[in-house]
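Asks: just the structure for this:
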Amino acid sequence: MAKKTHRVYAQPDSENGVFLKAGSEEFVDSQNQYVVRLENVQKKYALGKTEVHALQGVSFDIAKGEFISIAGPSGSGKTTALNLIGCVDTASSGIVTVLGQRTDTLGDEKLTALRHKGVGFIFQTFNLIPVLNIRENVELPSLLDGSDVGLSAKEKEEWVDHLIESVGLADRMRHKPAELSGGQRQRVAIARALVMRPPIVLADEPTANLDSATGESILELMRNMNREFGTTFIFSTHDPGIVAIADHVIRLKDGKVIENARTANLADAKARL
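Replies: Next up, the predicted model:
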């Protein structure tokens, strides 16, 4: 099964810097090893008569296949950074490049395509549809725009089944979210985030609503999927457990980068692909 999955999963072309996407869509990585780049990014919000500086001159790169933690206390700007990478918000100034695309130059249609097909999302509150069963929840993103995820109908069924099996819920495909534990719901959310075969998965405090043992098992699962699929996982977190196993840690404080360190060099990250 794993061998077949690698056939249908769109792996990055590390030599040409191209991510083959659903259908005929391609996202180009500027012929280098980075999937995300922020350059002197500022983000300001108006809060009544006060101007809040959520990000102040933030710059960093994220390589293909990295397991990265954007860490910091509440109010540090980590969720804002995640929103910019996920194309759900725009910078006040500076340049945000995702999968070779400068997000400030994209129209609504292209920005939506980049967000939908290039980035998967995992939320701390799971955000599953209660009236749908597990399989339907996982499959849902591939149905939103009529996309076939670049696969035949049979291949898509096999891909969805493989994801559910990979997160250990093959025996619960027909269960509804209310019948699952918190950890099981998060596993469903992880499978759903990968169904469009995105090069990037963003996880906003994915262990915040889980007990420590369940959180550890969820982290181990995501690390294994990072290695199996070559997907870049980017976490917004203050969980020291995530920071400890990340191979790239970016720490923010008061909207500024105070640490940007890799525990594995770019060659190692590229080798995992």
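
Asks: please report how far residue 88 lies from residue 52.
Replies: The gap separating residue 88 from residue 52 is 18 Å, by Cβ to Cβ, to the nearest Å. Just so you know, the C-beta spots here come from the backbone N, C-alpha and C atoms, and that holds for glycine as well.

Asks: oh sorry, the question was meant for residue 253
Replies: For residue 253 relative to residue 52 (Cβ to Cβ), the value is 15 Å.

Asks: what do you get for residue 34?
Replies: Taking Cβ to Cβ, one finds residue 34 at 29 Å from residue 52.

Asks: same question, residue 64
Replies: Going from residue 64 to residue 52 by Cβ to Cβ gives 33 Å.

Asks: looking at those two now, which is surrounded by more residues?
Replies: Set residue 64 next to residue 52 and count neighbours by other Cβ atoms under 10 Å: residue 64 wins out with 25 against 13.

Asks: quick check, that one in contact with residue 199.
Replies: Yes: using Cβ atoms under 8 Å, residue 64 is in contact with residue 199, at 7.3 Å.

Asks: find the nearest non-adjacent residue to residue 128, please.
Replies: residue 177 (4.3 Å; Cβ to Cβ, 6 or more residues apart in numbering).

Asks: enumerate every residue touching that neighbour.
Replies: Contact partners of residue 177, counting by Cβ atoms under 8 Å, 6 or more residues apart in numbering, are 126, 128-130, 132, 134, 137, 185, 188.

Asks: write the ChimeraX selection for whichever of those are buried.
Replies: The command below creates a ChimeraX selection of those among the contacts of residue 177 that count as buried (16 or more other Cβ atoms under 10 Å):
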select :126,128,134,137,185,188
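
Asks: report the central residue of this structure.
Replies: residue 201 (1.2 Å; Cα atoms, centre = their mean).

Asks: and after whatever helix or strand that residue lives in, which helix or strand comes next?
Replies: Take DSSP states H and E as the rule and residue 201 turns out to sit in strand 200-204. Note on strand 200-204: by DSSP H and E, the next helix or strand toward the C-terminus is helix 212-229.

Asks: go through that next one and flag the buried ones.
Replies: Under 16+ other Cβ under 10 Å, the buried positions of helix 212-229 are 214-215, 217-219, 221-223, 225-226, 229.

Asks: out of those, which is nearest to residue 74?
Replies: Residue 74 has its nearest neighbour among the buried residues of helix 212-229 in residue 215, at 18.2 Å by Cβ to Cβ.

Asks: from residue 217, how far off is the residue nearest to the closest one when sequence neighbours are not counted?
Replies: In this structure, residue 215 finds its nearest non-sequential neighbour in residue 207, 3.6 Å apart by Cβ to Cβ, 6+ apart. Residue 207 sits 10 Å away from residue 217, going by Cβ to Cβ.
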